[in-house]
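S.K.: Could you look at this predicted model? Sequence included:
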Amino acid sequence: MEKTDVRAVFEKKGRAVFISHLDLFRTMQRALKRSKLPVWYSQGFNPHIYLNFPLALSLGVSSSTEFMDFSVTERIDPEKASADLNKVMPDGLRILRIAEPVFRNQDIGFAEYKMIFESSAAPEKMIAGIEKMLSMEAIEIDKRSKSKGTVRMDIRPYINILGYEASEGRSSVELRLPAGGTLNINSNVFADVLADISGIEFDHIYAERTKIMCKSGEMFM
Amino acid sequence: MLKEQIESLLLKVKNPSRYIGGELNSVVKDKDKVDVRFAFCFPDSYDVGMSHLGMKILYSLKNKIDNFWCERVFAPWEDMEALMRENNIPLYALESLDPIREFDFIGFTIQYELCYTNILNMLDLAGLPVRSKDRTEDMPVIVAGGPCVCNPEPLADFIDIFILGEGEEVNIELMELYADMKKQHRSRSEFLSAAADIEGIYVPAFYDVLYNADGTIRSVTPNNVHAKPVIKKRIIKDLDKIYYPESFVVPYCEIVHDRAVVEVLRGCIRGCRFCQAGFIYRPFREKSSETICSQTRSLCESTGYEEVSLSSLSTSDLSSIDETLTQLSEYTDKEKINLSLPSMRIDRFSNELMERLKAIRKSGLTFAPEAGTQRLRDVINKNITEEEILRACKIAFKGGYTAVKLYFMLGLPTETDSDIIGIAELAEKIIDMYYQDPDRPKGRHVQISISCATFVPKPFTPFEFEPQASFEEITRRQKLLLDSIHSKKRVNVSWHNYKVSILEAILAKGDRRLGDVIYEAWRSGCKFDGWNEYYRYDLWVKAFEKTHTDMDFYAHRKAPYDEIMPWQHLDYYISKKFLIREHKKAMNGEVTLNCREKCSACGVSKEIGGACFGKN
């Protein structure tokens, strides 16, 4: 059967941040089924809707730029298809656009996040923490990997703080972290390190993924 | 607002999407624009409760009415409960995330006895006193329905109103009455009195129970003018006309039955004498194939599920089963939806059926002979023969199956050692047949799994008079079964925990005095009793001891026919005369034909004003 690959860009916000990666698969398959788009099914004894997520998102993190690939058996009008899908999407998930995939999963190199930290600590303490982090030569953490178990690694070279702002009760940090198959650092790793270095116990931490980028620096699309 | 507080805890618990709502098709209303708020509680985890059909029906039905808002509530798992208690988060409903103690009604559906402590725990988590008598005017009315409510006496201390029978009409009547009386600022006790006038509504506080010196019940007497001496269950007459949901709430996480479910019939024609469901859900009523097909279609389209199951006590007894399956598969095949058929009888198992089952990638087939010899199968009125069991297995082998699971019960009334040995012999016969069968799957061995439950006597069955076998006796019979099996490699045997079955028996047949036992067990830490990893038999035994309650009296005592049963004032359309007649036939090993073949005069036709089938 003839098939065309398409890539949907979607946001995952609100209550939807608590949908795990595995559950997102099922959720999207069901949404595609409800939408009645001409979706391609894997062939074989037990056909199911083929889906691919180029980059997983940690549980609890929201995002304005997630990607999902699927295939269609007929030409679709991207705008109409987005609208059809949005009619049947659960709360917090919304398709922003549908287009042809340009890059491959393995091209992904970085992701950017906006993080909000809430605490009763003085803004100066937060700023001191971030500045201390920036001045450190190495930040060693235990990182779990699938193949090697837990390994000790220095993540300082990979933390790229793009900007920060501290105010009473609430501070924000924008940062870029490595993402994708080669090296992936989650925003919660950064949050743990910041808590450790600043000595602040945060009441709430909100993280939103704002960009997914290629190793080349181009925007993933 | 609890929302922020809840969200801040969610990353610390397993499967957080269970605790935050927002699922597709969940119903959110403006609380200022509704008159009655109903917290529908399932006293088990989200994964179990979200699989339950009755809750889906009543949830959608209530929410179809503009001024009612029904929300879902489940028992939080241990990790979440600990965080909720630590952070003073009361039990909340998933749609609004509002505390349920602010609601008008809190309603429990009670599906099995081992969730009783969860009911108390949920009331406590909600910030409410668990006992009715300690709750005050401003607190929600606590109601409960479901199969266990056919003997709700052990829960009489905790629940304000029991709803007997099928809930579609009576729930709405009750909520309408409440809405009216709320506008007139009537008191809680006035509401309870008025509610007692509705058929199917049982207010336990309106009855006094007296006991004889030997511990049996002397009398159950109304103490309120509105309380009827006997309360009748409710039924829905026409299943084609009654409301059925067009959509289900679709969970994010995986649940036990993660699929669309279409109920195809209610009741059962079979009359297996151990089976409570077979009696309390009578009469037998079916949906037409047109209704089943259109309900399947709308559910699949609104949920996006890839599997639909035709649900009932015995789906192969649907008179239009062939026609329905033919019509349905046209749609499901085209849409790549799997059609699953649970609850098929051995004697209705056919080549055609097996082909359908195979399409849904099941690793093995399960049959329920229940007893090992024809004599005992006749006693329990199972009405299947050994030939039929062997024939069903033969079809399965021919279809490529090599694993067969067989369900049995140990401790059935009149069971002897030869019945136990019969289970082993039946397994051996199936194995022999497999290796003699030229059509068997080549180069593979057969595997028989025997799963044994312990017989639990239940109210409204012909075996309600029977004692449960003792722990020592069941243990001896289990060992006998193991010793009787020769092909140990090909047969594996497992059993349900006896210590669970005995509690099930006590709570199923118990009276009001068990309220204190349940309370003690819950205080000492019992909850999720249906989950092996949480079940604390030792704590239950202590609770019985502390309250000076004799477990044997409830579990191991044979009741004479004229004993007043704790549930005698509840009318489930099944006459006691019929139960006695059936019990006597059982003792003589006589079978009773199914309802379609011949009416057994169980009492139902009198209640529904005519024969269940044609003219019978």
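M.R.: Okay, I see it. Numbers count the residues shown, from 1 in each chain, chains lettered A, B, ... in the order given.
S.K.: Spell out, range by range, the strands that occur in the stretch 401-550 of chain B.
M.R.: B:403-410, B:447-454, B:491-495 (DSSP state E, counting those that start in this stretch).
S.K.: hey, C-alpha coordinates of the second one in PDB?
M.R.: Yep, that's strand B:447-454 we're talking about. What follows is strand B:447-454, C-alpha atoms only, in PDB (Å, rounded to 0.1, in the frame of the first residue of the first chain):
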ATOM      1  CA  GLN B 447      -0.400 -27.500  28.700                       C
ATOM      2  CA  ILE B 448      -3.400 -27.700  31.100                       C
ATOM      3  CA  SER B 449      -3.800 -25.200  33.800                       C
ATOM      4  CA  ILE B 450      -6.200 -26.100  36.600                       C
ATOM      5  CA  SER B 451      -7.300 -23.100  38.700                       C
ATOM      6  CA  CYS B 452      -9.300 -23.900  41.800                       C
ATOM      7  CA  ALA B 453     -11.400 -21.500  43.700                       C
ATOM      8  CA  THR B 454     -12.900 -22.400  47.000                       C
END
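S.K.: Tell me the strands beside it, with direction?
M.R.: Strand B:447-454 pairs in its sheet with strand B:403-410 (parallel), strand B:491-495 (parallel), by DSSP bridges.
S.K.: Let me know which of the ones you listed is tucked in deepest.
M.R.: Highest mean neighbour count among the strands paired with strand B:447-454 (mean count of other C-beta atoms under 10 Å in any protein chain shown): strand B:403-410, with a mean of 21. Yep, even glycine has a C-beta here, placed from its N, CA and C like the rest.
S.K.: quick one: contacts of it?
M.R.: B:274, B:363-372, B:393, B:396, B:420, B:423, B:426-427, B:430, B:446-455, B:469, B:474, B:477-478, B:481, B:495 (C-beta atoms under 8 Å, 6 or more residues apart in numbering or on different chains).
S.K.: ok, back up a step: pipe the strands of the stretch 401-550 of chain B into JSON lines and attach mean pLDDT per row.
M.R.: Converted to JSON lines, the strands of the stretch 401-550 of chain B look like this (pLDDT from 0 to 100):
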{"stretch": "strand B:403-410", "mean pLDDT": "94"}
{"stretch": "strand B:447-454", "mean pLDDT": "95"}
{"stretch": "strand B:491-495", "mean pLDDT": "94"}
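S.K.: Could I get those in CSV, plus columns for distance to residue B:166?
M.R.: Formatted as CSV, those follow (distance: least, C-beta to C-beta, whole Å):
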stretch, distance to residue B:166
strand B:403-410, 27
strand B:447-454, 27
strand B:491-495, 34
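S.K.: Quick one, which of these gets closest to residue B:262.
M.R.: The minimum distance between residue B:262 and those falls on strand B:403-410, with 24.6 Å, by C-beta to C-beta.
S.K.: what does stretch B:365-374 contact?
M.R.: B:272, B:274, B:346, B:349, B:354, B:357, B:377, B:379-380, B:382, B:384-386, B:389, B:392-393, B:396, B:401, B:403-409, B:412, B:415, B:418-426.
S.K.: just checking, which of those belong to helices?
M.R.: Those of the contacts of stretch B:365-374 mapping onto helices are B:354, B:357, B:377, B:379, B:386, B:389, B:392-393, B:396, B:418-426, per DSSP state H.
S.K.: Buried ones only from these, please, as a ChimeraX command.
M.R.: A single ChimeraX command selects the buried members of the ones in helices among the contacts of stretch B:365-374 (16 or more other C-beta atoms under 10 Å in any protein chain shown):
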select /B:354,357,377,379,386,389,392,393,396,419,420,421,422,423,424,425,426
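S.K.: Excluding sequence neighbours, find me the nearest residue to the residue of the stretch 151-300 of chain B found nearest chain A.
M.R.: Chain A sits closest to residue B:252 of the stretch 151-300 of chain B, with a gap of 4.5 Å, by C-beta to the nearest C-beta. Spatial nearest neighbour of residue B:252, chain neighbours left out: residue B:17 (4.1 Å); criterion: C-beta to C-beta, 6 or more residues apart in numbering or on different chains.
S.K.: Check the burial of the one you found by counting its neighbours.
M.R.: 22 (other C-beta atoms under 10 Å in any protein chain shown).
S.K.: ditto for residue A:44
M.R.: For residue A:44, using other C-beta under 10 Å, the count is 7.
S.K.: And residue B:261, how far from residue A:29?
M.R.: 19 Å (C-beta to C-beta, to the nearest Å).
S.K.: show me what contacts the residue of the stretch 301-450 of chain B found nearest chain A?
M.R.: Closest approach between the stretch 301-450 of chain B and chain A, counting by C-beta to the nearest C-beta: residue B:304, at 3.2 Å. By C-beta under 8 Å, 6+ apart, the contact list for residue B:304 reads A:29, A:30, A:31, A:32, A:33, A:34, A:88, B:250.
S.K.: Closest to residue B:198 out of these?
M.R.: Lowest distance from residue B:198 to the contacts of residue B:304 (C-beta to C-beta) belongs to residue B:250, with 33.6 Å.
S.K.: so who does the closest one touch?
M.R.: Applying C-beta under 8 Å, 6+ apart, the residues near residue B:250 are A:27, A:30, A:90, B:23, B:24, B:25, B:303, B:304, B:305.
S.K.: can you check residue B:282 too?
M.R.: Going by C-beta under 8 Å, 6+ apart, the list of residues near residue B:282 reads B:267, B:268, B:573, B:574, B:602, B:604, B:612.
S.K.: Where helices are concerned, which of those count?
M.R.: Per DSSP H, the subset of those in helices is residue B:604.
S.K.: how about the contacts of residue B:282 in TSV, adding neighbour count, distance to residue A:79 and pLDDT?
M.R.: As requested, the contacts of residue B:282 are exported to TSV (neighbours: other C-beta atoms under 10 Å in any protein chain shown; distance: C-beta to C-beta, whole Å; pLDDT from 0 to 100):
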residue	neighbour count	distance to residue A:79	pLDDT
B:267	24	52	96
B:268	23	53	95
B:573	21	59	96
B:574	22	61	97
B:602	24	62	96
B:604	23	59	95
B:612	18	57	90
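S.K.: So which of the contacts of residue B:282 sit within strands?
M.R.: Counting by DSSP state E, no part of the contacts of residue B:282 is found in strands.
S.K.: Tell me which helix or strand in the chain has the weakest average pLDDT.
M.R.: Here I'm looking at chain A. When each helix and strand of chain A is scored by mean pLDDT, DSSP states H and E, strand A:140-145 comes last, with a mean of 83.
S.K.: wait, chain B
M.R.: helix B:351-358 (a mean of 70).
S.K.: Sketch out the low-pLDDT regions of the stretch 201-350 of chain B for me.
M.R.: For the stretch 201-350 of chain B, the stretches flagged by pLDDT under 70 are B:343.
S.K.: 80 instead, please
M.R.: Across the stretch 201-350 of chain B, the ranges flagged by pLDDT under 80 are B:342-350.
S.K.: Any residues of it in contact with chain A? List them.
M.R.: Within the stretch 201-350 of chain B, the positions near chain A by C-beta under 8 Å from any C-beta of the partner chain are B:250, B:252, B:253, B:254, B:301, B:302, B:303, B:304, B:305, B:306, B:336.
S.K.: quick one: the fourth one from residue A:22, how far?
M.R.: Residue B:254 sits at a distance of 8 Å from residue A:22 (criterion: C-beta to C-beta).
S.K.: Setting the sequence-adjacent residues aside, check what's closest to residue B:188.
M.R.: residue B:137 (5.2 Å).
S.K.: Looks like that neighbour contacts residue B:190 (just checking).
M.R.: No: with contact defined as C-beta atoms under 8 Å, residue B:137 does not count as touching residue B:190 (10.7 Å).
S.K.: tell me the pLDDT at the residue located most distally from the centre of chain A?
M.R.: Going by C-alpha atoms, centre = their mean, the residue of chain A most distant from its centre is residue A:45, 33.3 Å out. pLDDT for residue A:45: 73.
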